[in-house]
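Fold the following for me, if possible:
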Amino acid sequence: MIRAVSFDWSGVISDDRPPVHYANMKVLEENAKETFDMKRWLELSKGTASDFFWSRGVEGTREFLEGRYRHYLGEAKERGIVPIVYSDAEEVLVSLLGDNKHLSVVSSHPLNHLIQEIDDYGFDLIFNQVFGGQVGKVGGIREVLETLYCNPSELLYIGDTIFDIQAAKEVGVRSGGILTGYHSEEKLKAENPDYIFNNLTHLRSVILSE
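Numbers count the residues shown, from 1 in each chain. Just a heads-up that it's a prediction; the model follows:
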């Protein structure tokens, strides 16, 4: 039985692809690198912003590049390019909470932006644990598991990228790919996750039926 569900944030609960795309392209621009439309950028995306910048030949430390990314993410929001919560997120999260599931977030999204979005969406009382700015996500998932003192098979980590599935597998918990975010169904299935979900509503129906 699944006792706990841990979520990636971007592309899973919050559709932040427009502001994240804006921020990524601005960093490429200021480094005189080729920029991409949304579709191509999603195909090229990496586990973190700095990993993506390095893959495009941008130089700098992780700390510096993530700082530039956060700067432009803030600029995007000032320009009205803002994330939007998925329409079924609140209903699904409340249902899972009502079924006594331990809910958490493990995300590479900058912690200050993550906390602000959780507050904006009215989800501040829903999650038991929130980890932002996670490089690789393995550490955050492992900390959730250690907090629960549960069998790894009782924790499900949900993400929209191959990196999320890889992190869940490394820790040894159940893995689920969701088709509402960054990576395609084909890419997600190639990682052999335990589950593939069309959306959060589909996720709920599967979890509550187990």
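
Please make it C-alpha for all contacts and neighbour counts, starting now.
Noted.

Identify the residues contacting the one helix or strand Thr147 maps to?
Here Thr147, judged by DSSP states H and E, is contained in helix 138-148. For helix 138-148, the surrounding residues in contact (CA atoms under 8 Å, 6 or more residues apart in numbering) are 6, 104, 106, 129, 131, 134, 152, 155, 157, 167-168, 170-171.

next SSE after it?
Past helix 138-148, the next helix or strand by DSSP H and E is strand 155-159.

what angle do the helix or strand just after that following strand and strand 155-159 make?
Beyond strand 155-159 in the direction of the C-terminus, DSSP H and E gives the next helix or strand as helix 162-171. On the basis of axes from the mean of the first three to the mean of the last three CA atoms, to 10 degrees, helix 162-171 is oriented at 160 degrees to strand 155-159.

Residue most distant from the centroid, the protein?
Each residue of the chain has a distance to the centre, and by CA atoms, centre = their mean the biggest one is for Ala32: 28.0 Å.

and the gap between that one and Arg56?
From Ala32 over to Arg56 the distance is 11 Å, taken as CA to CA, to the nearest Å.

likewise Ala190?
24 Å.

one step back: mind listing what's buried along the helix holding Thr147?
Val138, Gly140, Ile141, Arg142, Val144, Leu145 (16 or more other CA atoms under 10 Å).

Is it possible to get a markdown table of those that adds pLDDT?
What follows is the buried residues of helix 138-148, written out as a markdown table (pLDDT from 0 to 100):
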| residue | pLDDT |
| --- | --- |
| Val138 | 96 |
| Gly140 | 95 |
| Ile141 | 97 |
| Arg142 | 96 |
| Val144 | 96 |
| Leu145 | 94 |
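
if we take those, which one ends up nearest to Leu96?
Val144 (16.8 Å; CA to CA).
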